[in-house]
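# My questions concern the predicted model and sequence given below.
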Amino acid sequence: RMLQGVDLDSHPVYIWIMKGRQPMPNKHLEHPEDLILTGETWVVDAMFGQANCSLKIDGAPAIVWGTLDGKFFVGTKSVFNKKLIKIAYTQEDIDTFYSKHENVRLILSACLQYLPRVDGIYQGDFIGFGGTDTYKPNTLTYKFPEVISQDIIIAPHTEYQVPGKMCDAEASPISVTFDDTDHVKFVQPIVDRMPLQGGISLGKFPTLTDKEAAAAKVAINARIREGNYLTHNFLCGVLGDSDLAAVYLLVKHLKEEVLESFIIYNAPKCYLGDELVDGEGFVLNTDMGSFKVVDRAQFSYANFTQGQFQ
């Protein structure tokens, strides 16, 4: 891999963030300011330190594919269900699982036919079927420099280790680059950033239980959905403490600084309505955990109100 004359595979930072990555439980990614509610202050250190960075692609649905027990499969995130597990090895499996969801059935059928057979297990976002240069799979619109001739477009971003059952899969940032085939266009942008300089000490502040934090996030998301600002007074009412509200806003401000530090290569142009934007957001992965860095006032609001797959 070469980037502006740099051999990435031998670059010490690349080796640190990619070769040294650690598998993490396969769970929902949180915003850093939401993680701080339960005292997970490591997110602040991550914003000041090195981390693996990737661009979030606003595709839909999520596609999981690979080889399990020696057999190639495709599916949505339902492959990770604990009970109603939907792992499709054949067209008959797809027809059975998704008989009432024609769009998903068509997408998975194409993925089963065209995705390259691989030894590992991967996840990516489905962007669309080939034949044009402009796609709007969900909230954002992607414009490629040329008409896509391949049958399907996938943006891979995660790989999995499966120690036992699929529901126990451990996720890591993807470590391979997929080459385009005659049938599949792979979108894998490269993201670089300069970590924030210095550091801060949050000191002692009150935290919430998981249950309290979950209720607070519901209220915060409702506020964002209404298009209103997250003010200190509002957060005091939701979180029940002025100091915690102040720390929440501080971490939110740090996140906004992080958003200004990213450099993106090899990505299609991205639009929110008519506005040219960098993308939906970013994912930062560290040894302590992973989190998403998103402008909630812009993208979360748009997803809540405009997304096709809300």
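Yep, it's here.

# would you list every one of the strands in the stretch 151-300 of the chain?
152-161, 170-173, 184-186, 190-193, 262-265, 269-272, 275-277, 281-285, 290-293 (DSSP state E, counting those that start in this stretch).

# closest one to residue 254 among those strands?
strand 290-293 (9.9 Å; CB to CB). For the C-beta atoms, the positions are set from N, CA and C on the backbone; glycine is no exception.

# Give me the contact list for the closest one.
For strand 290-293, contacts defined as CB atoms under 8 Å, 6 or more residues apart in numbering pick out 24, 29-32, 35, 43, 46, 56, 171, 255, 258-259, 281-284.

# Repeat the analysis, applying 7 Å as the threshold.
Residues from elsewhere that reach strand 290-293 (CB atoms under 7 Å, 6 or more residues apart in numbering): 24, 29-32, 35, 43, 56, 255, 258-259, 281-284.

# got a winner among these for most neighbours?
With neighbours taken as other CB atoms under 10 Å, the top of the contacts of strand 290-293 is residue 284, carrying 26 neighbours.

# got a list of what it touches?
Applying CB under 7 Å, 6+ apart, the residues near residue 284 are 46, 51, 53, 290, 291, 293.

# What is the nearest of those to residue 206?
Nearest to residue 206 among the contacts of residue 284, counting by CB to CB, is residue 291 at 21.1 Å.

# Model confidence score at that closest one, please.
On pLDDT, residue 291 comes in at 96.

# What's opposite it in the beta bridge?
Beta-bridge pairing of residue 291 under DSSP bridges involves residue 284.

# Any figure for the gap between it and residue 61?
For residue 291, the distance to residue 61 (CB to CB, to the nearest Å) stands at 22 Å.

# ok, back up a step: could I get the contacts of residue 284 as CSV with distance to residue 208?
CSV is the format used below for the contacts of residue 284 (distance: CB to CB, whole Å):
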residue, distance to residue 208
46, 20
51, 25
53, 28
290, 21
291, 17
293, 22
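
# Next, the distance between the ends of stretch 65-76.
8 Å (CA to CA, to the nearest Å).

# Identify the residues contacting stretch 41-50?
Counting by CB under 7 Å, 6+ apart, residues outside stretch 41-50 touching it are 13, 16-17, 32, 35-36, 195-196, 199-200, 202, 251, 254, 258, 284, 286, 288-289, 291.

# If we use 6 Å, what do you get?
The contact list for stretch 41-50, computed with CB atoms under 6 Å, 6 or more residues apart in numbering, reads 17, 32, 35, 195-196, 199, 202, 254, 258, 284, 286, 288, 291.

# which of residue 291 and residue 61 has more neighbours?
Between residue 291 and residue 61, residue 291 has the larger neighbour count (other CB under 10 Å), namely 25 against 19.

# residues contacting residue 282?
53, 55, 262, 293.

# go with 8 Å
53, 54, 55, 56, 191, 259, 262, 292, 293, 294.

# and of those, the nearest to residue 83?
Using CB to CB, the contacts of residue 282 come closest to residue 83 at residue 292, 27.2 Å.

# Not counting its neighbours along the chain, what's nearest the closest one?
The shortest distance from residue 292 to any non-neighbouring residue, by CB to CB, 6 or more residues apart in numbering, is to residue 29 (4.4 Å).

# what stretches of the chain score poorly on pLDDT?
Low-confidence segments of the chain, defined by pLDDT under 70: 1-27, 304-310.

# one more time with 50
Applying pLDDT under 50 to the chain flags the ranges 1-21, 309-310.

# Kindly list the longest helix within it.
Taking DSSP state H as the assignment, the helix of the chain that covers the most residues is helix 242-259.

# for that one, packing partners?
Identification of packing neighbours for helix 242-259 by 3 or more CB pairs under 8 Å, 6 or more residues apart in numbering; DSSP states H and E yields helix 32-35, helix 42-48, helix 232-239, strand 281-285, strand 290-293.

# by how many degrees do it and strand 281-285 diverge?
Using axes from the mean of the first three to the mean of the last three CA atoms, to 10 degrees, one finds that helix 242-259 and strand 281-285 are set 100 degrees apart in direction.

# what angle sits between helix 242-259 and helix 232-239?
110 degrees.
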